[in-house]
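Student: Structure here, sequence nowhere to be found:
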Ligand SMILES: Nc1ncnc2c1ncn2[C@@H]1O[C@H](COP(=O)(O)OP(=O)(O)OP(=O)(O)O)[C@@H](O)[C@H]1O
């Protein structure tokens, strides 16, 4: 469960998060909003890339902001980025070991990497270099990195961007297995409202850094305020 209280982020005169209070508790939750609404900034606060000017964030009752970014990773926070971050000169397994080296005991690293590769069906590609991967494989590597060790909260920023419908469906099925099989909560940003509808039982909508709606996804997407913010988008 992510409990956000009176969160403020200030960049000079811009306030991408403006006194946000929200509790996100569904196993797979959506985070949506128009461009510039503050979605990525919220993920940056959770993962420690951005320090808020004010407010509190607790994950499963633990004060997240008290931990430095690596401490958050060690406590089970994982994150993927809008632009995939695969290291071109490392193999797929090497990309995963780069995470495992920080969060898994040496004797358990190989098993942790193998388990993540198995989860995402990437075992057969374990020895391919990053530069040889297609976009789908890159997206799978990004997801695999989030599954290394014992994830507690997985933050995914447009994980299916650029994929075909079929690839996106495969990725969605994998993401949906995360809470049940790994015991981690998933928070997912996406502009594809149908993807959010099909995956997330709960959705938070941001607009200008404020909460526009939060609740069961179908109710949120039916809200006139949300439809207005997305006018013409769905
Ligand atoms: N480092 C920064 N310095 C100044 N302004 C920033 C910075 N990062 C983000 N912003 C501004 O904060 C606001 C929110 O940006 P953010 O990227 O969080 O929005 P978003 O909802 O993720 O948008 P998108 O859907 O386009 O990715 C925007 O106005 C953006 O220009």
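Tutor: Structure's in. What do you need? Just so you know, these numbers come straight off a predicted model, no measurement behind them. Numbering: from 1, shown residues only.
Student: Contact partners for residue 135?
Tutor: 84, 162-163 (Cβ atoms under 8 Å, 6 or more residues apart in numbering). (C-beta placed from N, C-alpha, C; glycine too.)
Student: If we use 10 Å, what do you get?
Tutor: 84, 86, 161-164, 167 (Cβ atoms under 10 Å, 6 or more residues apart in numbering).
Student: Among the residues you listed, which ones are in helices?
Tutor: residue 167 (DSSP state H).
Student: Which pair of the contacts of residue 135 spans the longest distance?
Tutor: 86 and 164 (18.6 Å; Cβ to Cβ).
Student: And the two? Which one has more around it.
Tutor: Per other Cβ atoms under 10 Å, whichever of residue 86 and residue 164 has more neighbours is residue 86, with 19 against 11.
Student: Would you mind confirming that that one is in contact with residue 137?
Tutor: Yes - the pair residue 86 / residue 137 is scored as a contact, 8.5 Å apart, by Cβ atoms under 10 Å.
Student: Give me the common contacts of those two.
Tutor: Common neighbours of residue 86 and residue 137, using Cβ under 10 Å, 6+ apart, are 92, 130.
Student: Name the residues of this protein found near the ligand, please.
Tutor: 11, 14, 16, 33, 35-41 (Cβ under 6 Å from any ligand atom).
Student: What distance do you get for residue 38 to residue 186?
Tutor: From residue 38 across to residue 186, the span is 19 Å (Cβ to Cβ, to the nearest Å).
Student: Check the offset of the helix or strand bottoming out on mean pLDDT in the chain from the chain's centre.
Tutor: Least confident helix or strand of the chain, by mean pLDDT, DSSP states H and E, is helix 224-229 with a mean of 87. Relative to the chain's own centre, helix 224-229 is displaced by 24 Å; criterion: Cα atoms, centre = their mean, to the nearest Å.
Student: so what's residue 171 closest to, chain neighbours aside?
Tutor: Counting by Cβ to Cβ, 6 or more residues apart in numbering, residue 160 is the residue found nearest to residue 171 once chain neighbours are left out, at 5.2 Å.
Student: Start and end of stretch 118-130, how far apart?
Tutor: By Cα to Cα, to the nearest Å, the extent of stretch 118-130 from end to end equals 18 Å.
Student: sorry, back to before: for the residues of the chain next to the ligand, which one is nearest residue 78?
Tutor: Distances from residue 78 to these, taken by Cβ to Cβ, are shortest for residue 40, at 15.8 Å.
Student: my read: the closest one touches residue 158, true?
Tutor: Yes - between residue 40 and residue 158 there is a contact at 9.2 Å, judged by Cβ under 10 Å.
Student: Now do the helices in this protein.
Tutor: Using DSSP H, helices in the chain cover 39-47, 69-74, 92-103, 109-119, 135-147, 165-182, 193-199, 217-222, 224-229.
Student: Mind checking which of the residues of the chain next to the ligand are buried?
Tutor: 16, 33, 37-41 (16 or more other Cβ atoms under 10 Å).
Student: farthest-separated two in the residues of the chain next to the ligand?
Tutor: Farthest-apart pair in those is 11 and 33; separation 17.1 Å (Cβ to Cβ).
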